[in-house]
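**Student:** For reference, the sequence and a predicted model appear below.
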Amino acid sequence: QVQLVESGGGLVQPGGSLRLSCAASGFTFSRYDVSWYRQAPGKERELVAAVTSGVSTTYADSVKGRFTISRDNAKNTVYLQMNSLKPEDTAVYYCNALNVGWSGKFDYWGQGTQVTVSS
């Protein structure tokens, strides 16, 4: 069955780094655009970074220059390298895979991983 499994979250001090991973299975990962979203308590879910099937990337202004998204299609995995973390980066981070084509829309989500930035 389709699965997206995030890992790599945790507690880190301000200025620190974390690398999130999202392992996919059950679908043709290379054909999907993959994104990282986050949701902080009391706030709406927001897009953090995205990488298309063609390996183009986009970032939220709040993370540009600090976060890097990448994908390894051989491992069916997408990564989010997060550097210079700030307390406002604290949130649950979700992985999303999306494919929209002639056969329909396929939209998958992971269960999320908690990132807490605090001293």
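**Tutor:** Thanks, I have the structure now. Numbers count the residues shown, from 1 in each chain.
**Student:** did I read that right, Pro14 in a strand?
**Tutor:** No. Read with DSSP: H, G, I helix; E, B strand; the rest coil, Pro14 is coil and lies in no strand.
**Student:** which other residues reach stretch 25-43?
**Tutor:** With contact meaning Cβ atoms under 8 Å, 6 or more residues apart in numbering, stretch 25-43 is reached by 1-3, 20, 22, 24, 45-53, 69, 71, 73, 76, 78, 80, 88-99, 106, 108, 112, 115. Backbone N, C-alpha and C define where each C-beta goes, glycine included.
**Student:** Now with 6 Å, please.
**Tutor:** Applying Cβ atoms under 6 Å, 6 or more residues apart in numbering, the contact partners of stretch 25-43 are 1-3, 45, 47-53, 73, 76, 78, 80, 91-94, 96-99.
**Student:** Now list the buried members of the residues you listed.
**Tutor:** The neighbour-count test (16 or more other Cβ atoms under 10 Å) applied to the contacts of stretch 25-43 identifies 48-51, 53, 76, 78, 80, 91-94, 96-99 as buried.
**Student:** Which of those residues fall within strands?
**Tutor:** Mapping these onto strands (DSSP state E) picks out 48-51, 78, 80, 91-94, 96-99.
**Student:** Tell me which two in those residues are the farthest apart.
**Tutor:** Pairwise distances across those peak at 25.2 Å for Ala91 and Asn99 (criterion: Cβ to Cβ).
**Student:** Many thanks, I have nothing further to ask.
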